[in-house]
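# using only what follows, build the 3D model:
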Amino acid sequence: MTGCRPFPLRAVRGDRLFHFNYRYMNWDIIKTAVAAFFGACIATLQPVHNAMLLLLIFAACDILFGILAGLIAARERFSFKKFILAAGYLLVYLGIVVMVYAVGKYQDDTQEALYVVKVITYVFIYFYSSNILKNLHLLMPDNPVIRFLDYFIGLQFTRKVAWLEEFLKKEQQGAGADGTEDDAVPEGVGAPSDEADRREERGGCVMGKYFTVEELCVSAVARSRGIDNTPPPQAVAALHDLIGHLLDPLREAWGGPVAVNSGYRSPALNAAVGGAPRSRHMYGEAADITVGSPSANAALFALLESGGFDFDQLIDERGYAWLHVSWCRTNRRQVLHL
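I've put the predicted structure just below:
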């Protein structure tokens, strides 16, 4: 045969059976094949180009403002790990868009697939926008425009995607850094209210200036399932310390109501809500708190981290849906983002 140069193989002794001489490979053919493959992919995915482009733009903005907020507001060093994680999330989101469209296209349901792609793109953009505004709030905490945009964008997106509002309500009702409690805002607890009203509701039984041991033990799950959530003496003492050393000073510095979603959990309650086996909630050393929106929780997080407070753990849960805080006699000042 002429015009064809097969790859020469050279037999060698030992473990290596053959040796390829890569100089004889036709790289032009390989490059052409690769280009043709990617060209076909791009042409096939043309109907979802706009969705993918929007995800790229919002992801880039999210990463940029996240880096700026970390460097300027939180005074953190640049984290390459967080950068890689954000890039990984973007690839996952793009993959979801591609897979949804591909399944619909090859099942002859292209229009249905495009509708689903449109909905999930709105959802991705909503969460990216919330994160961007959260970081802008950290950079400009006193700017009312950012707070309004956070409210307005959330309102518009929940109108656009019917199930999003229901999902967000369910998420914000979750409580617990170590597990999720079904009702995060039991009666008399959680929703920011006037502390004088709470004193009256609790019969004047107030451990600190703003919080009571009793309200840190209230649980709708315990009540509905008949679980005894009465703390033992050691946990009561720990709750006293948590209130006096952390929750009351934080409420004073914040200047407004701080809601407690979940405080003390008995072992039975902790198991019922899926808490970690060694959750500090079981010892009366932890509470899950919120001041409303994720952007406001982000501001509270920054205050806790930089305001000279002593704590064992400060955890941002699910993009500042709530904060997990704890206090003990051997505080580590551990700051985490989950």
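# the bottom helix or strand of this structure by mean pLDDT?
Lowest on mean pLDDT, DSSP states H and E among the helices and strands of the chain sits helix 195-201, with a mean of 45.
# so how far is Leu303 from the residue lying closest to Asp310 once chain neighbours are set aside?
Spatial nearest neighbour of Asp310, excluding adjacent residues (C-beta to C-beta, 6 or more residues apart in numbering): Asn331 at 5.4 Å. Where C-beta positions appear, they are placed from N, C-alpha and C, glycine not excepted. Counting by C-beta to C-beta, to the nearest Å, the separation of Asn331 from Leu303 is 17 Å.
# follow-up on the earlier one: what about the residue nearest to Asp310, which SS state?
coil (DSSP: H, G, I helix; E, B strand; the rest coil).
# before we move on, what about Ile315?
strand.
# what score does the closest residue to it other than its chain neighbours have for pLDDT?
Among residues not flanking Ile315 along the chain, His324 sits closest, at 3.9 Å (C-beta to C-beta, 6+ apart). Per-residue pLDDT puts His324 at 94.
# Gln156 now?
The model's pLDDT for Gln156 equals 70.
# tell me which element it is part of?
Following DSSP states H and E, one finds Gln156 within helix 144-160.
# likewise for Leu242?
Using DSSP H and E, Leu242 sits within helix 233-242.
# all helices for the stretch 51-200 of the chain, in order.
80-106, 110-139, 144-160, 162-173, 195-201 (DSSP state H, counting those that start in this stretch).
# could I get these as CSV with mean neighbour count?
Below are those laid out as CSV (neighbours: other C-beta atoms under 10 Å):
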stretch, mean neighbour count
helix 80-106, 14
helix 110-139, 19
helix 144-160, 15
helix 162-173, 14
helix 195-201, 13
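# ok, and what's touching the helix holding Gln156?
With contact meaning C-beta atoms under 8 Å, 6 or more residues apart in numbering, helix 144-160 is reached by 122, 125-126, 129-130, 133-134, 136-137, 140, 164-165, 168, 293-295.
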